[in-house]
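Asks: Turn this into a model:
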Amino acid sequence: MRFAIWIFAASCVAQERIDVSNVTRLRVAWTYRTGDVHLGESGGRPSSQQTIPLYVDGVLYVTSGFGRVIALEPDTGKALWSFDPKTDIKAGWGDFANRGVATWKGNGERRIYVSPIDARLFAIDAKTGKPCLDFGAGGMVDLRVGLRTPPRSKGEYQTTSPPVVWRDVVIIGSSVADGARTRMPSGEVRGFDARSGKLLWTWHPLPAELEAGGGNAWSLLSVDQERGLVYVPTGSPSPDYYGGKRPGDNRSANSVVALRAGTGEKVWEFQTVHHDVWDYDVASQPVLYGDRGVAVGSKTGHLFLLDRVTGKPVFGVEERAVPQGGAEGEALSPTQPFPIKPRALVPHRFRVEDVWGLSEADKKWCREQVAALRNEGIFTPPTEQGSLIFPGNVGGMHWGGAAFDARTGYLVVPTNRLPAVIDLVPREKLRGERQRKDRLGVEFADQSGTPFGMGRRLLMTPELHPCNPPPWGVLSAVDTKTGEIVWEVPLGVMPWAAGHPDGAKWGAVNLGGPVVVGGLVFIGASIDPYLRAFEVKTGKEVWKGALPASARATPMSFVSPKGKRFVVISANGHNLPGMKPHDEIVAFALGN
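Replies: Here you go, the predicted structure:
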């Protein structure tokens, strides 16, 4: 009886609505600072608070970059409790990030699950913030235990994204460093009992006999709760820029894989890139849309629309011949999958005559760079000569994923359009090259067990101006009923272009996702410090709200128990040179 009365009372609260008619009235309602910032002075990268807030049972749950969980009162942002996993922040973590929590309810008890960077999975009582002592060992499961190929150091095996929950199963992947050597840690996905923490099942993306690791699911998983299927986006096998020791297509790496959530049994898989040597992970979360659709984005800029029951492409996919003649010992796939619809969301070719620059000096520098590289469009193989990879490793679709608007049938997708330069370096020359180029912003990987190390950099001038034509960051809408791209608009403004009359037309590097609310799509993501709102139907920007830092995160929206609608996002910065990490959670609501 008490439950029925509560439902009736809640239904009497008028729920505020945000739409195109009032979005310009959005104001900052409250800001909460987690206090957790690591600048990376002791090695490794600075921390990054990429949390996607979770709202359930009238409470808002967020995480800091350290994986600390904070329960907030939703109307005021006041902290109710926090749980500190006591992460060793000075361990030299690679991508030192945390993207949020998951939840489960059983027998009247609600639990919050979090996995900080050091690959421990905690179950926390949602009311008290205390560990659930019957889960694992005193509330924690060590995810490094039981791996087929364990890590040699902390930085090789991490967790950056939250688990997902289906019924009484908590399902989680991992973040594996791709480039250190052939046999990096194995990238299995595992299901644990939500009450006890007992391991229920393990799914391996790569066969045990393959001389490779990784193929792991470091991004966000998705669950079809009704059908009991979990959709797993996988990355590249190790090492990611040379595959001579791992012949074949390397399935199920670079794929979306549908597993039975209760058992881990594979139902189907769809591979977006065969035998990856470009770091073309499926970085974005699979998006469930309509009754049976699942959208899968890749760093290639391809968006594959699939039937989520069968894995079959909705509009067809064709295998097309791609450049051959890789490094010595490499056996490239002769073809790669291209969706018939939609067309690629980013360009796949960048020629010398396309070079862009703010000045003639910029253009000259860029022309010389491009002319010296092997450059045959997308899937140009890495070589000792140096290869232009377009899109590069931060190009195409990234972990922010897409948002689906049921009223229009549109998927709204952020992308980057940036080329990278990849050099395969013979092992005997690697040490000298590393010493010579470390100051030039080149990122090196040893790729031990292969004949080549690797050097990687984005193709930008010393002043950090991209060499390819703008826009460099774009927001696109894809009609899932037709497969057509219905609009594309620049997203964000590069900091150095903020005062230029054309700066807003050029777009900016972006990492983070969108959310759809009332016919609007809200997105931060760009490296400039704003949360923006666009009309879903047209792509017109209708509002932007200033943030204390850029938001390398995905916003979310909820209605509080008082009926007030909020849009909330983590403003954390983008971990780029000269950009200080931040720790703010910012909530917007309608003002007068």
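
Asks: list the contacts for the residue nearest to residue 47 when sequence neighbours are not counted?
Replies: Nearest non-adjacent residue to residue 47, counting by C-beta to C-beta, 6 or more residues apart in numbering: residue 65, 3.3 Å away. (Each C-beta comes from the backbone N, C-alpha and C, glycine too.) Contact analysis of residue 65 by C-beta atoms under 8 Å, 6 or more residues apart in numbering lists 34, 36-38, 47-50, 96-98, 572, 581, 583.

Asks: Now with 10 Å, please.
Replies: With contact set as C-beta atoms under 10 Å, 6 or more residues apart in numbering, residue 65 has these partners: 34, 36-38, 46-51, 87, 89, 93, 96-98, 116-117, 570, 572, 575, 581-583.

Asks: Same question for residue 579.
Replies: Per C-beta under 10 Å, 6+ apart, neighbours of residue 579: 46, 495, 527, 529, 549, 550, 552, 572, 573.

Asks: for these, which one is nearest residue 150?
Replies: residue 46 (27.0 Å; C-beta to C-beta).

Asks: Just the CA atoms from stretch 433-448 would do, formatted as PDB, please.
Replies: Below are the C-alpha coordinates for stretch 433-448, written out as PDB (Å, rounded to 0.1, in the frame of the first residue of the first chain):
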ATOM      1  CA  GLU A 433      64.900   7.500 -32.900                       C
ATOM      2  CA  ARG A 434      63.200   7.700 -29.500                       C
ATOM      3  CA  GLN A 435      66.000   9.900 -28.200                       C
ATOM      4  CA  ARG A 436      65.900  12.100 -31.300                       C
ATOM      5  CA  LYS A 437      62.200  12.600 -31.600                       C
ATOM      6  CA  ASP A 438      60.900  12.500 -28.000                       C
ATOM      7  CA  ARG A 439      61.100  16.300 -27.900                       C
ATOM      8  CA  LEU A 440      59.000  16.600 -31.000                       C
ATOM      9  CA  GLY A 441      55.800  15.100 -29.500                       C
ATOM     10  CA  VAL A 442      56.200  11.700 -31.100                       C
ATOM     11  CA  GLU A 443      54.700   8.900 -29.100                       C
ATOM     12  CA  PHE A 444      56.700   5.600 -29.300                       C
ATOM     13  CA  ALA A 445      55.800   2.000 -28.600                       C
ATOM     14  CA  ASP A 446      58.300  -0.900 -28.400                       C
ATOM     15  CA  GLN A 447      56.100  -3.600 -30.000                       C
ATOM     16  CA  SER A 448      58.500  -6.100 -28.500                       C
END
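
Asks: hang on, the earlier thing: out of the contacts of residue 579, which one sits closest to residue 107?
Replies: residue 572 (36.1 Å).

Asks: pretty sure that closest one contacts residue 554?
Replies: No - taking contacts as C-beta atoms under 10 Å, residue 572 lies outside contact range of residue 554: 11.7 Å.

Asks: Show me the shaky parts of this structure.
Replies: Within the chain, the stretches with pLDDT under 70 are 1-12, 437-440.

Asks: 50 - rerun?
Replies: 1-11 (pLDDT under 50).

Asks: and which of the contacts of residue 579 is nearest to residue 507?
Replies: Checking those one by one against residue 507 (C-beta to C-beta), the nearest turns out to be residue 527, at 10.5 Å.

Asks: and the residue nearest in space to the middle of the chain, what does it touch?
Replies: Using C-alpha atoms, centre = their mean, the residue of the chain that lies closest to the mean C-alpha position is residue 399, 1.5 Å off. By C-beta under 10 Å, 6+ apart, the contact set of residue 399 is 50, 97, 99, 160-161, 218-220, 233, 281-285, 297, 511-513, 552, 554.

Asks: Derive a PyMOL selection command for the buried subset of the residues you listed.
Replies: Buried members of the contacts of residue 399, defined by 16 or more other C-beta atoms under 10 Å, are picked up in PyMOL with:
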select buried, resi 50+97+99+160+161+218+219+220+233+281+282+283+284+285+297+511+512+513+552+554
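
Asks: The contacts of residue 399 in strands, which ones?
Replies: Mapping the contacts of residue 399 onto strands (DSSP state E) picks out 97, 233, 297.

Asks: gap between the first one and residue 361?
Replies: The reference is to residue 97. Counting by C-beta to C-beta, to the nearest Å, the gap from residue 97 to residue 361 is 36 Å.

Asks: And for the second one?
Replies: Taking C-beta to C-beta as the measure, residue 233 falls 41 Å from residue 361.

Asks: next one: the last one
Replies: When C-beta to C-beta is applied, the distance between residue 297 and residue 361 equals 36 Å.

Asks: ditto for residue 51
Replies: For residue 51 relative to residue 361 (C-beta to C-beta), the value is 42 Å.

Asks: more crowded one of these two?
Replies: residue 51 (30 against 11; other C-beta atoms under 10 Å).

Asks: Would you mark the buried spots in the helix or strand hosting residue 388?
Replies: Secondary structure assignment for residue 388, by DSSP states H and E: strand 387-389. Residues of strand 387-389 classed as buried: 387, 388, 389 (neighbour count, 16+ other C-beta under 10 Å).
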